[in-house]
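Undergrad: A structural model of the following input is requested.
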Amino acid sequence: MVLDKRRAHLLSVIQQSASPLSTKELVDKMKVSQRTIYYDLDQINSWLMEQGLDPIENKHGKGVFLPDRSKDKIVIHNVKSFDDWQYQLSKQERELLIKAKILLEEHDSSMERFMEITSMSRGTVAKTLQVIKQEFQQQGLHLYYKKGMGYDLNGSEEDKRKVLSDVLSIIFSHKEWWNVRNKVHRMIQPEADDISNQTEQRNYVKGLLYEAEEEMGLTLTDEMVEILSLQILIIKKRIHLQKFVRVDSEEEEVLQQTEAYQASMLITQKLEQFWGITFPSDEVCFITMNLLGSKVQHDDFSRYTRRELAGLKRVVQRMISDFQTYSCVIFDDRQGLEENLISHIKPTYYRLKYGVQIANELSDSIQENYQDIYHLTKRVMMHLEYYVGRPIPDEEAAYITLHFGGWLTKEKKKIETKFKAIIVCENGIGTSNMLRTQLENLIAGLDVSATLSMREYQSGHYHADIIFSTNFIKPKNTPVIHVPAILTNLEKEHVMKRMNELFYSKGLPKDPTDHVMDVIERHATIHEKDELRRSLNQLLENKTSGTKELRKPMLNELLTDQTIQFRDSVSSWEEAITFAAQPLIEKHSIHSHYVNAMIENVNELGPYIVIAPRIAIPHARPETGVERLGMSLLRLKEPVYFSEKEKHRAQLVIVLAAIDNQTHLTALAQLTEVLSNEENVDQLIAANDSDSVIQLINQYVQA
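TA: Sure thing, here's the model as predicted:
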């Protein structure tokens, strides 16, 4: 019996869960019906028993779980013998395997071999080849069939390596694709007699990469070490085939000035002795390009050249300044954000410059769960585009979204630390920071002392009350909660449920009222705690303790008939702000001193609130007089000037009263989308009634 992809994935989900999973949780995770889950569990249990493993069990009232004996043995299969872990390949896996076969073994690319490695029919493989042929053509490669010889690939070695890099990054970003990875390993190392020999060679190369890290003063992500080790093994294979890349002489001189080049020299010199081959200088440069473009877990700024740091710093500072302007927030820890963004953007710059491919398996999830932050991030990417000299792919923009999102959700801790935690995450700096801030804001009193790669965790000793990990870790002395890199509402509920089981049920006085009291204490002084606690107990008595996602109102909920005004002219920009804010005062969203704070900001900081010609968005910090989220719009026929410069005139004055760094972002993202179209701006300025404004806004608001 062979497991198909869905059931293998379902088994992987159950295997990696430290606690029983309810049918509802599995339905939500797998996006299938309850009936399908039950049927799949029966099929998985049949497969487990065929393998001599204990089947999945059901704990009444809690859910299904995989016994530890089976869980441990499946982990061993994953690491040492992929043959016992079988499933039918998905369409994407088939395409990637055939691409890898063509690129890695050009002499043995026949229809029969494609059918053998994919276990698919001749007709299915033929259809897949047509798709691949078109994709290759777009990337400068020509796939054709030679009668009696099989398939051959024409194109430059540089283009072939670029496509191969893309294939590897996608394959190795999917942790559950053990079967596909094993097949690719065998293609890369056909001379290795068995799996242990393959692993020994990869581990030797990885050891050299660890030495290279010290040379460069950084820590690569675990995924990057895996991919780089395979790329170096591929270079060895290509050298034997006399297939070499060519690097421009001027670019070679630039590369030779970097620490990454010195690290590449260290690697290749040792490999020349180990393998008895010679690495041409262009191949050393090729390794350098890939090292420079690799994702990092930690970085050391003292190792950057002055010119390199200055250039990256300028780009990052402009991006942050614009993001603050467009999002109407001020980052409390701007320096920390700058350092993290520089660490991320340095390899991003080199990836784009040298065409180094990475896969961002989180990209779709980021764009779906953080639409507003992603939208604002895309607006500030122009600074990086100017610096790099080319458009920034959505996958790269999504990673940068994580950096901004992580810092937006940071809150200054005003309560005592109750739990020390570490996070084990191998997705890089941005993902680790987003996960860190999500967890710290979710769990009152949680303090994350370190974010580590799996390699760092396994090689060190860290004291913590709880470990959060994006990869499976078998709990030892410290309990482990397994989490995805991006927490959805359902996964937040799961985390809170596990925290309750691990800590609060053991006598710690922690219930929903305690959580609410902690939140209130972060933002206010409580004078009558006992009375407040009694009132909260009554309110929460019959409520569930599930965690709810923060609600972010839509633009048409804030800009309404009550908050839109029209006026021909005003005498000054101060009067414009005062008049524009009046509806929010009347709705008790703000106090009058919030108006004074907005005016003081412009006096102190200049006309930064004019985000574009004809548009101003006055705002101030929440603590200067905001009671609840609000937005109001004043349309002027005659422009008001916030400075003597023509670019600082405005006819649309939109007052924003934010209560934090997040709640207003959806409405603001929708507003910027409306205002980014000049025709819309003309239409708003020409409007004489709120109905026409609201009608335009509704076109940009998704239900």
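
Undergrad: so which bits of the longest strand seen in the chain are buried?
TA: Counting residues, the longest strand found in the chain (DSSP state E) is strand 630-641. For strand 630-641, the neighbour count (16 or more other C-beta atoms under 10 Å) marks Gly630, Met631, Ser632, Leu633, Leu634, Arg635, Leu636, Pro639, Val640 as buried. Backbone N, C-alpha and C define where each C-beta goes, glycine included.

Undergrad: how about stretch 684-700?
TA: So, applying 16+ other C-beta under 10 Å, buried residues of stretch 684-700: Leu684, Ala687, Ser690, Val693, Ile694, Leu696, Ile697, Tyr700.

Undergrad: those residues: which two are farthest apart?
TA: In the buried residues of stretch 684-700, two members sit farther apart than any others by C-beta to C-beta. They are Ser690 and Tyr700, at 16.2 Å.

Undergrad: returning to that earlier point: of the buried residues of strand 630-641, just say which sits nearest to Met216.
TA: For the buried residues of strand 630-641, the nearest to Met216 is Met631 (47.3 Å; C-beta to C-beta).

Undergrad: surely the closest one is in contact with Leu559?
TA: Yes - using C-beta atoms under 8 Å, Met631 is in contact with Leu559, at 5.8 Å.

Undergrad: overlap in contacts, these two.
TA: Leu671 (C-beta atoms under 8 Å, 6 or more residues apart in numbering).

Undergrad: quick one: low-confidence residue ranges for the stretch 501-650 of the chain.
TA: Within the stretch 501-650 of the chain, the stretches with pLDDT under 70 are 504-514, 528-531, 533-535, 537-550.

Undergrad: now do the helices in it.
TA: 512-523, 529-540, 555-558, 573-586, 592-605 (DSSP state H, counting those that start in this stretch).

Undergrad: may I see the buried residues of the shortest one?
TA: Yep, that's helix 555-558 we're talking about. Leu555, Asn556, Leu558.

Undergrad: got it, and stretch 140-155?
TA: So, applying 16+ other C-beta under 10 Å, buried residues of stretch 140-155: Leu141, Leu143, Gly150, Tyr151, Leu153, Gly155.

Undergrad: just the ones of these in strands?
TA: Leu143, Gly150, Tyr151, Leu153.

Undergrad: the first one touches Tyr151, doesn't it?
TA: Yes - checked against C-beta under 8 Å, the pair Leu143 and Tyr151 is within contact range at 6.1 Å.

Undergrad: mind listing the shared neighbours of these two?
TA: Common neighbours of Leu143 and Tyr151 (C-beta under 8 Å, 6+ apart) are Ile102, Leu129.

Undergrad: got the contact list for the helix or strand hosting Ser264?
TA: Taking DSSP states H and E as the definition, Ser264 sits inside helix 259-275. Contacts to helix 259-275, defined as C-beta under 8 Å, 6+ apart, come from residues 204-205, 208-209, 211-213, 215-217, 232, 236, 255, 277-279, 283-285, 287-288, 291-292, 303.

Undergrad: how far off centre is that helix?
TA: 32 Å (C-alpha atoms, centre = their mean, to the nearest Å).

Undergrad: got it, and stretch 516-527?
TA: For stretch 516-527, the distance to the chain centre is 32 Å (C-alpha atoms, centre = their mean).

Undergrad: circling back: save the ones in strands among the buried residues of stretch 140-155 as CSV, and put in distance to Ala667 too.
TA: Shown next, in CSV, are those (distance: C-beta to C-beta, whole Å):
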residue, distance to Ala667
Leu143, 49
Gly150, 58
Tyr151, 54
Leu153, 51
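
Undergrad: in JSON lines: these, plus pLDDT.
TA: Formatted as JSON lines, those follow (pLDDT from 0 to 100):
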{"residue": "Leu143", "pLDDT": "91"}
{"residue": "Gly150", "pLDDT": "83"}
{"residue": "Tyr151", "pLDDT": "88"}
{"residue": "Leu153", "pLDDT": "90"}
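
Undergrad: mind giving me the packing neighbours of the longest strand of the chain?
TA: helix 555-558, strand 564-567, helix 573-586, strand 649-657, helix 678-686 (3 or more C-beta pairs under 8 Å, 6 or more residues apart in numbering; DSSP states H and E).

Undergrad: could you dump the ones you listed into CSV with distance to Arg351 added?
TA: Conversion of the helices and strands packed on strand 630-641 to CSV gives the following (distance: least, C-beta to C-beta, whole Å):
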stretch, distance to Arg351
helix 555-558, 35
strand 564-567, 45
helix 573-586, 44
strand 649-657, 36
helix 678-686, 34
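
Undergrad: Met49 against Ile56, yeah?
TA: No - the pair Met49 and Ile56 does not pass the contact test of C-beta under 8 Å, sitting 10.6 Å apart.

Undergrad: ok, the two, which is more surrounded?
TA: Ile56 (20 against 12; other C-beta atoms under 10 Å).

Undergrad: buried set for the helix or strand harbouring Leu230?
TA: In this assignment (DSSP H and E), Leu230 forms part of helix 222-240. Using 16+ other C-beta under 10 Å as the test for burial, helix 222-240 gives 222-239.

Undergrad: stretch 455-474 now?
TA: For stretch 455-474, a neighbour-count test (16+ other C-beta under 10 Å) marks Arg455, Glu456, Tyr457, Ala464, Asp465, Ile466, Ile467, Phe468, Ser469, Thr470, Phe472, Ile473 as buried.
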